[in-house]
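Novice: Predicted model and sequence follow; I will ask about them next.
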Amino acid sequence: MFDTNKNLLNEIRDRFCHVDHDDQQGSRIFFENAGGALTLKSVAERSAILAAIPDNQGRDNQASKELVNIINQSKADIRVFLGAAEGPVFVGESGTELLFRLISVAILGAPEGGDVVGSTLEHPASVSACERWSKIANRNFVRVPHNDETGTVTAEDYKPFITKDTRVATILHTSPVTGMSVDVEAIAKLIRSVSPDCFIIVDGIQHAAHGQMHIDSYDIDGYAISPYKIFSRHGYGIAWVSERMSTLPHDRLIGSPEDNWELGTRDTGSYGTFSEVVNYFDWLGGHFTDSNDRRARIEAAGKAIHKHEKDLTDAMLHGVDGQPGLVDMPEVGIIGGIDNPCREGLVAITLEGMSAVDLVSVLREAGIRTHARKADHFSGNILIPLNLDGCVRVSMCHYNTEGEVAQFLKVMQEIIAAF
Ligand SMILES: Cc1ncc(COP(=O)(O)O)c(C=O)c1O
């Protein structure tokens, strides 16, 4: 996709910090985007500018008023970006903290009894929150088994576990281990058809960077993302809640608005930097549509990102630039199947005769950054049923290139040849 328009790809790459090197290793290919994507230069610059301002919000001076403007603008930006017309958006400590907050509020606020339903595909953030708060609120926590072969979970999988007593349900939008997406809309539709008032909370943290969020069409109650995984910086998470969820009892100062979820002094830098992310999507989408509508440009960017990432994962699997793909290397195992339409920029692999940790080290020495996932409390839910004690996660984003994929394949071939 972008590889056929080198100028655009160069422009895209020029907008990110450390695109092909870092200060510690020097040159390197960055295929560890699921652990934290590259940061936009505009984010780094805005973050520094806002960090220098001593003023607080709500004071009678121009600097203070400007901070409030930045926050309000950012909330409008986030809303357009997520495709959420109504319901509060707010910043918290991290994706994990926000999922705990959303899930605990839903579990404590739903009518008594009944079930909390999540799937075995989910990240421990949702699972731990569901388990802890279900016990506290005397509810059954039910887990829908995901499909080991496809690395995802479907509405059909949820179906036997959803009853009229399903009070709260959680859905993972994309797995950070298998890289496969989940049809949130279909699962939410199924849940609503059986338990219309169920509170549905979605973990969008791995999905966000891969484009296309349409919250208004999902019919859900909560959505969380982590900005460091979508081109902003560390230090905050972002959540949206539906109007009906926004006024469930939750931690807030006495006398504050009923739908206020912000706790304490707000970090204008968090909001300001996320506006830069939305501005970037807007800029990128402008290359694929003439529309004057910001949301249309963001959607166009999402589609283009998806297409480019599919080209990259296809290249990795089936080969590129004369390099054989992973599919042509019999020693390589691929989690979630080969031509899986749910794949979002990520290929999780095993290599016969070498542990995941060792493969990551050898790839690092060859200038390629990846990450080992182990059968621990983060990834055991995916790896243990597959009888694997580890896998190497090769995770890409739309600024990666087919040239980088070809280099990765060349190194893989050399590693296998050296056995
Ligand atoms: C799907 C998913 N959920 C939750 C988290 C936790 O997010 P955070 O690091 O912002 O707490 C991650 C982090 O990788 C993730 O991939």
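Specialist: Alright, I've got the coordinates.

Novice: domain ranges for this protein?
Specialist: Residue ranges for the domains of the chain, per automatic domain parsing: 2-39+298-417, 45-280.

Novice: Can you say which of those domains is nearest to the ligand?
Specialist: domain 45-280 (2.9 Å; C-beta to the nearest ligand atom). For every residue, glycine as well, the C-beta is placed using N, CA and C.

Novice: Straight-line length of the closest one, end to end?
Specialist: Its first and final residues considered, domain 45-280 spans 14 Å by C-alpha to C-alpha, to the nearest Å.

Novice: hmm, it in reach of the ligand?
Specialist: Yes: applying C-beta under 6 Å from any ligand atom, one finds domain 45-280 in contact with the ligand at Ser94, Gly95, Thr96, His123, Ala125, Leu172, Pro176, Asp203, Ile205, Gln206, Ser226, Gly237.

Novice: Number of residues surrounding the second one?
Specialist: Which is Gly95. Neighbour count for Gly95, taken as other C-beta atoms under 10 Å: 26.

Novice: Repeat that for the third one.
Specialist: Here the count is done by other C-beta under 10 Å, and Thr96 has 20 residues near it.

Novice: can you list contacts of the helix or strand hosting it?
Specialist: According to DSSP states H and E, Thr96 maps onto helix 95-109. When contacts are defined by C-beta atoms under 8 Å, 6 or more residues apart in numbering, helix 95-109 is touched by residues 92, 116, 125-126, 128-130, 132-134, 136-137, 139, 167-168, 170, 199, 201, 203, 205, 221-222, 224-226, 229, 237-239, 241, 245, 248-251, 261.

Novice: Can you name the element that comes right after it?
Specialist: strand 115-119.

Novice: I'd like the average pLDDT over that following strand.
Specialist: Averaging pLDDT along strand 115-119 gives 98.

Novice: Report the buried residues of the next helix or strand after that strand.
Specialist: Downstream of strand 115-119, the first helix or strand assigned by DSSP H and E is helix 124-136. Residues of helix 124-136 classed as buried by neighbour count (16 or more other C-beta atoms under 10 Å): Pro124, Ala125, Ser126, Val127, Ser128, Ala129, Cys130, Trp133, Ser134.

Novice: Then stretch 87-98?
Specialist: Neighbour-count burial for stretch 87-98 flags Gly87, Pro88, Val89, Phe90, Val91, Gly92, Ser94, Gly95, Thr96, Glu97, Leu98 (criterion: 16+ other C-beta under 10 Å).

Novice: Dump those into a markdown table; add pLDDT as well.
Specialist: Output for these, formatted as a markdown table (pLDDT from 0 to 100):
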| residue | pLDDT |
| --- | --- |
| Gly87 | 96 |
| Pro88 | 97 |
| Val89 | 98 |
| Phe90 | 98 |
| Val91 | 98 |
| Gly92 | 97 |
| Ser94 | 98 |
| Gly95 | 98 |
| Thr96 | 98 |
| Glu97 | 98 |
| Leu98 | 98 |
